[in-house]
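J.: The following block contains a protein sequence and its predicted model.
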Amino acid sequence: MNTLISDINAIVADVLKARSMDRRTCFTTFSPVPPDATTFVFECSDAAVAEDVRHRVAATDAPVEYVLLPNGQELPELLVATNSVADVRREPVHTAELVNQVIYGDVLVPLKDQGDWYLIRTDDGYLGWIRNWHVTPSRREAVDEFLEGAGHRVRDNVVQVLEAPERSALPVGDAVIGTRVHAEPGERRGWRRISFPEGRTGFVPSRALEPVPKRAGLSRQELVTTGMRFLGIPYLWGGTTPKGFDCSGLIQRIFRLGGAVIPRDSDMQVMVGRSKPAGQPDVLKTGDLLFFGSDIDHITHVAMYLSDGLFLHACGHVRVGSLHPNHIHFEAGLVAGWCATRDPFVRV
């Protein structure tokens, strides 16, 4: 049996590699069915991957049942995040690796539940497990109705939401930059009453909000302005918010706030936009993405180019580095591994 499991897991790995996918974007499990363990179940979140595996496993005559998630389970149509920042982990346990985060109001697609956890897909296609106390079930109609009336978003990196329009009031929660809210018309001595998708309400300073941008499209300078607001925020593996960023989480959040959804991890982000020569500062434009690693197939870090040889990245904390050896912020070890550059403003 162990040999069969090993052989089929190898088949799954080959299929995923051929489709440029992995466990971050396609969930798969292959396991024996108790108690006799003479049959097996293969679960998969991607129909094309499941079909490829089925075709290749057929030659082994293995007794396999194929389950395409969500497989008609009694799952909510959608889930909505109900905490300012909610952790998404590699496995459905609190000790598992933190791989992603979502913010208040983010809409998630549930694929499977296991105990107190949901396997979810975020809007960028990334998969992970979230504890059920971080989300509430919803439907597409309810989400669309809330977004239609949610004409404001949080402007501050982090804002405390209070139960009354005064600084001495007790908190009811907090929210991070970019969180969509419904803001009631009119101010109360510089405060606005807001509500979140699941119905929680509270007050925030009026200056902590801004209208949701109506125009589409990114501005290179706006990306820089947004990114510089995060200077000094500590590095957090798996972090994607002002409560802690990893390198790719920082870049993704900057672009999200500009209205664009790009992939979650740096080795995925290196496929965005048009390629430029690496190691040539003279061809760079503000907003270009710089990638570092041993080679293009082993990307380990990403930064956003600012100007004059300077770049923004999360390394220990969000900071500015330099490509120029004579600059005080030159990062020799990092620049030595500069192996790719992409202009995200040019689609290919």
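T.: Received, thanks. Please read these numbers as outputs of a predicted model, since none were measured by experiment.

J.: How many residues are close by Thr3?
T.: Thr3: 7 surrounding residues under other Cβ atoms under 10 Å. No exception for glycine: its C-beta is placed from N, CA and C like everyone else's.

J.: same question, the one 4 residues further on
T.: Residues within reach of Asp7, counting by other Cβ under 10 Å, total 12.

J.: Surely it and Thr60 touch.
T.: Yes: contact criterion Cβ atoms under 8 Å: Asp7 and Thr60 qualify, at 6.8 Å.

J.: so where is the stretch 151-300 of the chain shaky, pLDDT-wise?
T.: For the stretch 151-300 of the chain, applying pLDDT under 70 flags the ranges 216-217.

J.: ok, now with 50
T.: For the stretch 151-300 of the chain, no stretch is flagged by pLDDT under 50.

J.: could you pull out the helices for it?
T.: Using DSSP state H, counting those that start in this stretch, the helices found in the stretch 151-300 of the chain span residues 220-228, 247-257, 266-269.

J.: Now these in TSV, please, with extra columns for distance to Gly115 and mean neighbour count.
T.: Output for these, formatted as TSV (distance: least, Cβ to Cβ, whole Å; neighbours: other Cβ atoms under 10 Å):
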stretch	distance to Gly115	mean neighbour count
helix 220-228	38	18
helix 247-257	27	24
helix 266-269	29	22
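
J.: Adding distance to Val158 as columns, could you present those in a markdown table?
T.: What follows is the helices of the stretch 151-300 of the chain, written out as a markdown table (distance: least, Cβ to Cβ, whole Å):
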| stretch | distance to Val158 |
| --- | --- |
| helix 220-228 | 15 |
| helix 247-257 | 13 |
| helix 266-269 | 25 |
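
J.: Compare those helices and give me the one nearest Lys285.
T.: Checking those against Lys285 by Cβ to Cβ gives helix 220-228 as the closest, at 6.7 Å.

J.: what's in contact with that closest one?
T.: Applying Cβ atoms under 8 Å, 6 or more residues apart in numbering, the external contacts of helix 220-228 come out as 250, 254-255, 257-258, 285-287, 304, 306-307, 312, 318, 345.

J.: so who does the spatially most central residue of the chain touch?
T.: Central residue of the chain (Cα atoms, centre = their mean): Arg264, 4.9 Å from the mean position. Residues counted as contacts of Arg264 (Cβ under 8 Å, 6+ apart) are 24, 100, 122, 124, 126, 240, 248-249, 252.

J.: quick revisit: out of the helices of the stretch 151-300 of the chain, nearest to Val159?
T.: Nearest to Val159, of all the helices of the stretch 151-300 of the chain, is helix 247-257, at 14.8 Å by Cβ to Cβ.

J.: what helices or strands is the closest one leaning on?
T.: If you count contacts as 3 or more Cβ pairs under 8 Å, 6 or more residues apart in numbering; DSSP states H and E, helix 247-257 packs onto helix 220-228, strand 240-241, helix 266-269, strand 299-305, strand 310-315.

J.: rerun that using 6 Å as the cut-off
T.: For helix 247-257, the packing partners by 3 or more Cβ pairs under 6 Å, 6 or more residues apart in numbering; DSSP states H and E come out as helix 220-228, strand 299-305, strand 310-315.

J.: Tell me how far that helix lies from the chain's centre.
T.: Per Cα atoms, centre = their mean, to the nearest Å, the displacement of helix 247-257 from the mean C-alpha position of its chain is 8 Å.

J.: now do stretch 288-304
T.: Between the centre of stretch 288-304 and the centre of its host chain there is 18 Å, according to Cα atoms, centre = their mean.

J.: quick one, strands of the stretch 51-200 of the chain?
T.: In the stretch 51-200 of the chain, the strands defined using DSSP state E, counting those that start in this stretch lie at 64-68, 78-81, 85-89, 98-103, 107-114, 117-121, 127-131, 135-138, 152-154, 158-162, 171-176, 180-183, 191-195.

J.: strand partners of the fourth one, parallel vs antiparallel please.
T.: With DSSP bridges as the criterion, the sheet partners recorded for strand 98-103 are strand 85-89 (antiparallel).
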